[in-house]
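**Q** predicted model and sequence below, questions to follow.
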Amino acid sequence: MGRVIALAFVACLPCSLFAQVSASQGKGNANAPAPKWDIFVGYSVLDPRGTFYPIQPDGSVLPVSFKLEKTGIIESASYFFNRNVGIQVESAQHDLFTNTGFALTGTSNSGIFTLESGLIYRWPGVHFTPFVHGYGGGADIDGPDHEPYTWGPVVGGGGGLDWYFGCHFGVRLFQADYEYLHANSGVSHGSLAGNDFVWGDDESINAIRLSAGLVFRGASAWGPAVGCGPLPAPVLACVATPDYVYPGEPVTITATPSGLNPKKTATYTWTGTGVVGNGNVVTVDTNSLAPGTYTVRSIVTEGPKPKEYETASCQASFTVRRWEPPTLSCVAAPMSITADDKSNITLTATSPQNRPLNYSCKSDSGSLAMNGSTGTFSPNGAPAGPITSKCSGADDKGQTSDSICTVTVIVPEKVIPHAQPLCSIDFVKDKLRPTRVDNEAKACLDAVALSLQQHADDSLVIVGEATSTESGFAAQRAVNTKNYLVIEKGIDPTRITVTTGSEGTQGVEDYLIPPGAIFTADVQGTTPVDETQVKPQERKPLPMRQPASKPAHARSHTHKRAAAASALAPAPDSAASTGTSKPAGGTKKPVHHHKKKPAATPTPAQGSTGP
């Protein structure tokens, strides 16, 4: 356990020395004594570590280790070339006169003598001086199993701490060193019977050495010390914190002395505008100071009647700045509004000194209501165009910043409605009833009716078409289509206008007319239908023809003709499909849809106008 504690102590030595060096400020205290030489004499304990295997008289080999050598003395002398660096000669004796051991040879079984020299580095302080050193030399080693004294090399190093309580005398509080030693006493030989047996071994030893004792030092060669001559004049350094302030912000002046005589009382005297306090720390009241640079001076003296070398002075400067104006930005959102809209005004201001701010805004026209840094702009009859609002932010020191916002009042473009094409239907399948609205057209017309129901203010224009070989079919198709919407879907007939077109197709186009839209401007080439002359036709299926009496062998032909007639007749409305209709919106553009053509006058074939 003792060896473990010793090892831990040596391991902590660098940390201890570093702390001492930091406390002694660099290379030491400039006012501390730094003699050319010193002498150290003290008590020492050596702990050699290692297990060895010497040959015994009976030829056996036994493991043997050194014991802790508690009886030791150490001496050293050091000579310094300057305040820090020197050379050192050191000697130590451990267990040389105890434990004489084996009677036949008369040798000790544990004794070590070392003599070495090396370099030493110190950090002189007024009372404490830490040091480190490294050395090498020779060691006369005996043991651990009665081996005779044998010389070998030794190298080591460590450090310590001296405490001086006078001009020349001090105490080495501790010195801790690590040493590596080596000795080769040969191979065991001789015999006990002949009284000439000699133990031999080859030993490599790691050892820890702890020492303490008295130190005597010569007169100081580099600088005086307390009790060893007069101290040099103290040094005083002043620092202003912060060195730049605004009026009203405090400034702290700190005076830091060095080299004062601790036996005398230090007194500080301050001069400068606005200085408050005493001691080595004071403050400056800047409330009444104009912008500019100011200097504060301090003098430190030692004792009631200080001599010239017991006085030091310093000065520190600081600058009072002018108040800086705030910065201001103005944002309008949205930037463009109509005469009935409003725009939100947001001001963003920053004071470099965080002073309280007030805001104001004025608009060229319209009205602007502000609440702090936000407001609302309303045109209120302002003419169209950009309107500028000038805003200002001011702090409590009278510093201001300006910014402008621009809101543009716009007149919205008038939206001109246009005719919207819906779906269209065909009349090409029923050759016998070419103007009848069949069941396949219902899907289109149901969608047209739904559009009229959803847009109660809109009207509908139906454009009937016919080929050049058809006469009167275009108007009849348009009227029949209207009739379906009125009778079957319940659409107000006054909302529907029927016309004819000139596309030359067998169909009907439907157009939804919003309020304000001009159908004839969007769809040209149409002619209104005189509904007093063209009446709607009822949607009736063709009558079934009765088959004539024929011989039995002709029945099959009669059935085929009846089936053909039945196929030509449209199915009842309840079982009809949704019809064959073109998609809603048609395939024609609303503008210039039709071109005027002369009406065709051929007479339709017999029976083609039937319901």
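**A** That came through, no problem.
**Q** pull the contacting residues for the residue nearest the centre of the chain.
**A** Among the residues of the chain, Thr350 comes closest to the average C-alpha position under C-alpha atoms, centre = their mean, at 23.8 Å. Under the criterion of C-beta atoms under 8 Å, 6 or more residues apart in numbering, the contact partners of Thr350 comprise 326-327. C-beta coordinates here come from the backbone N, C-alpha and C atoms, glycine included.
**Q** could you report the neighbour count for Phe216?
**A** Burial of Phe216 is recorded as 13 neighbouring residues (other C-beta atoms under 10 Å).
**Q** right, and it touches Pro35 too?
**A** No - counting by C-beta atoms under 8 Å, Pro35 is not a contact partner of Phe216; they are 9.7 Å apart.
**Q** identify the contacts common to these two.
**A** Between them, Phe216 and Pro35 share no contacting residue, judged by C-beta under 8 Å, 6+ apart.
**Q** about what we covered before: tell me which residues form a beta bridge with the residue nearest to the centre of the chain?
**A** Note on Thr350: beta-bridge partners Thr327, judged by DSSP bridges.
**Q** mind checking how far Phe427 is from Leu445?
**A** When C-beta to C-beta, to the nearest Å is applied, the distance between Phe427 and Leu445 equals 13 Å.
**Q** now do Thr254
**A** According to C-beta to C-beta, Thr254 and Leu445 sit 98 Å apart.
**Q** who has more neighbours out of the two?
**A** Of the pair Thr254 and Leu445, Leu445 is the one with more neighbours under other C-beta under 10 Å, namely 25 against 15.
**Q** what kind of secondary structure is that one in?
**A** Look at Leu445: counting by DSSP: H, G, I helix; E, B strand; the rest coil, its state is helix.
**Q** list the contacts of it.
**A** Taking C-beta under 8 Å, 6+ apart as the contact definition, Leu445 lies against 425, 437, 481, 484-485, 488-489, 510, 581.
**Q** please convert the buried members of the residues you listed into ChimeraX selection syntax.
**A** For selection in ChimeraX, the members of the contacts of Leu445 meeting the burial criterion (16 or more other C-beta atoms under 10 Å) are listed in this command:
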select :425,437,481,484,485,510,581
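**Q** Glu413: which of the contacts of Leu445 is nearest?
**A** Proximity of those to Glu413, judged by C-beta to C-beta, is greatest for Asp510, which lies at 28.8 Å.
**Q** for the closest one, give me the pLDDT.
**A** With respect to pLDDT, Asp510 scores 95.
**Q** now Ser451
**A** 93.
**Q** could you verify that it is part of a helix?
**A** Yes - if the criterion is three-state DSSP, then Ser451 is within a helix.
**Q** contacting residues for it?
**A** Counting by C-beta under 8 Å, 6+ apart, Ser451 makes contact with 422, 458, 512.
**Q** go on, Thr129?
**A** 28, 32, 122-123, 161-162, 164, 170.
**Q** tell me how far it lies from Phe81.
**A** For Thr129, the distance to Phe81 under the criterion C-beta to C-beta works out to 16 Å.
**Q** and Gly158, by the same measure?
**A** Going from Gly158 to Phe81 by C-beta to C-beta gives 21 Å.
**Q** between those two, point out the one with more neighbours.
**A** Summary of the neighbour comparison: Gly158 and Phe81, criterion other C-beta under 10 Å, with Gly158 having more neighbours (23 against 9).
**Q** over to the spatially closest residue to the more buried one that is not a sequence neighbour: give its phi and psi.
**A** Setting aside the residues directly before and after it, Gly158 is nearest to Asp177 in space (C-beta to C-beta, 6 or more residues apart in numbering), at 3.4 Å. Backbone torsions of Asp177, given as degrees, to the nearest 10, read phi -140, psi 150.
**Q** how about the strands in the stretch 401-550 of the chain?
**A** All strands of the stretch 401-550 of the chain, identified by DSSP state E, counting those that start in this stretch, fall at 420-426, 459-464, 496-500, 507-513, 527-528.
**Q** cool, and the stretch 51-200 of the chain?
**A** According to DSSP E, counting those that start in this stretch, the stretch 51-200 of the chain carries its strands in the segments 51-52, 64-65, 72-80, 85-94, 111-122, 128-142, 150-164, 169-184.
**Q** mind giving me the packing neighbours of the fourth one?
**A** Helices and strands in packing contact with strand 85-94 are listed as strand 37-49, strand 72-80, strand 111-122, strand 128-142; criterion 3 or more C-beta pairs under 8 Å, 6 or more residues apart in numbering; DSSP states H and E.
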